[in-house]
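[1] let me see the structure of the following:
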Amino acid sequence: MGHAVGDVLGLAAGVAVSPLPIVAIILLLATPRGRLNGSLFACGWLLGLALLGASMLAVGGSGGASANKHPAAWVGVLKLVLGVLLALFAVRQWRRRPADAAQARLPKWMSTLDRLTPLKALGLGLLLSAANAKNGPLTLAAGASISSAGIPVPQQIGTLVVFVVIASLGVLAPPAVFLAMGERAQGVLGTWRDRAVRHNAAVMAALFFVLGLKLLGDGIGILAS
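    Got it, this is the predicted structure:
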């Protein structure tokens with residue numbers, strides 16, 4: 001299990017560094033229903049990662065992800081495909097970055113966050129975790145790594161829990177600061193929000209590229225062994 005956790009730590013860190021979801025929960029916390037909607041957004045985030053990872057464990061179990069404690073060939077192919085996708089997203093993100101970071105703007109949908117119902121806040125958290133162009137592939141790759149580690153199902157579930165918790169640290173940090181500091185948190189969270197907006201494109205492009213190369217390397221290693 002320790003080896004499996006080590007394999008997914010980097011992927012979990014890549015999911016945790018998610019500037020726009022972090023900005024979204026900061027903005028939600030500043031709305032009239034901030035405590036409720038922020039909490040539900042975080043729950044949706046956790047649920048999305050858990051469901052996506054668990055689905056990969058189920059596929060890996062039925063698809064023979066591990067043979068003699070070695071990842072099956074299809075796991076290597078999956079990681080290769082996901083690595084290529086992330087590399088392509090890196091190029092796309094880099095080309096679309098603003099020439100001046102100070103000119104970066106929030107997506108238009110974020111202007112509607114103050115009107116979200118609790119159910120929509122939950123759905124938004126789920127969407128930004130499981131259906132995100134970075135987080136989805138990384139969570140699938142983590143699930144594939146766990147299912148191919150050759151460990152018992154309870155240990156697979158435990159490893160997935162560790163992955164989800166670490167992958168959620170970025171989104172869970174603003175609510176923790178908000179609850180601990182009260183009104184004083186607005187200044188701290190405002191600084192986090194501004195920095196995340198300014199550097200979102202560059203950070204995402206770098207993450208896409210580095211993690212894409214990691215998955216490509218993992219896939220090649222599995223297929224070559």
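[2] pLDDT weak spots in this structure?
    62-69, 98-106, 182-183, 192, 199 (pLDDT under 70).
[3] so where do the helices sit in this structure?
    For the chain, helices defined by DSSP state H occupy the ranges 2-16, 19-29, 34-62, 73-95, 118-130, 135-147, 153-167, 169-181, 185-224.
[4] between the longest one and helix 169-181, how many degrees?
    Compare the direction of helix 185-224 with that of helix 169-181 by axes from the mean of the first three to the mean of the last three CA atoms, to 10 degrees and you get 160 degrees.
[5] what's the burial count for Val161?
    12 (other CB atoms under 10 Å). Bear in mind the C-beta positions are built from the backbone N, C-alpha and C, glycine included.
[6] and the gap between Leu179 and Gly34?
    Distance, Leu179 to Gly34, using CB to CB, to the nearest Å: 11 Å.
[7] who has more neighbours out of those two?
    Gly34 (19 against 13).
[8] before we move on, back to that, same list (the helices of the chain) but as a markdown table, adding distance to Thr112.
    Formatted as a markdown table, the helices of the chain follow (distance: least, CB to CB, whole Å):
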| stretch | distance to Thr112 |
| --- | --- |
| helix 2-16 | 25 |
| helix 19-29 | 10 |
| helix 34-62 | 12 |
| helix 73-95 | 24 |
| helix 118-130 | 9 |
| helix 135-147 | 21 |
| helix 153-167 | 26 |
| helix 169-181 | 19 |
| helix 185-224 | 17 |
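[9] point out the most buried one among these.
    helix 135-147 (a mean of 27; mean count of other CB atoms under 10 Å).
[10] CA atoms of it as CSV?
    Extracted in CSV, the C-alpha atoms of helix 135-147 (Å, rounded to 0.1, in the frame of the first residue of the first chain):
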residue,chain,number,x,y,z
ASN,A,135,-8.3,16.7,-12.7
GLY,A,136,-10.2,14.0,-14.7
PRO,A,137,-7.2,12.5,-16.4
LEU,A,138,-5.1,12.6,-13.3
THR,A,139,-7.8,10.9,-11.2
LEU,A,140,-8.2,8.2,-13.8
ALA,A,141,-4.5,7.7,-13.9
ALA,A,142,-4.4,7.5,-10.1
GLY,A,143,-7.2,4.9,-10.1
ALA,A,144,-5.4,2.9,-12.7
SER,A,145,-2.1,3.0,-10.7
ILE,A,146,-4.0,1.9,-7.6
SER,A,147,-5.9,-0.9,-9.3
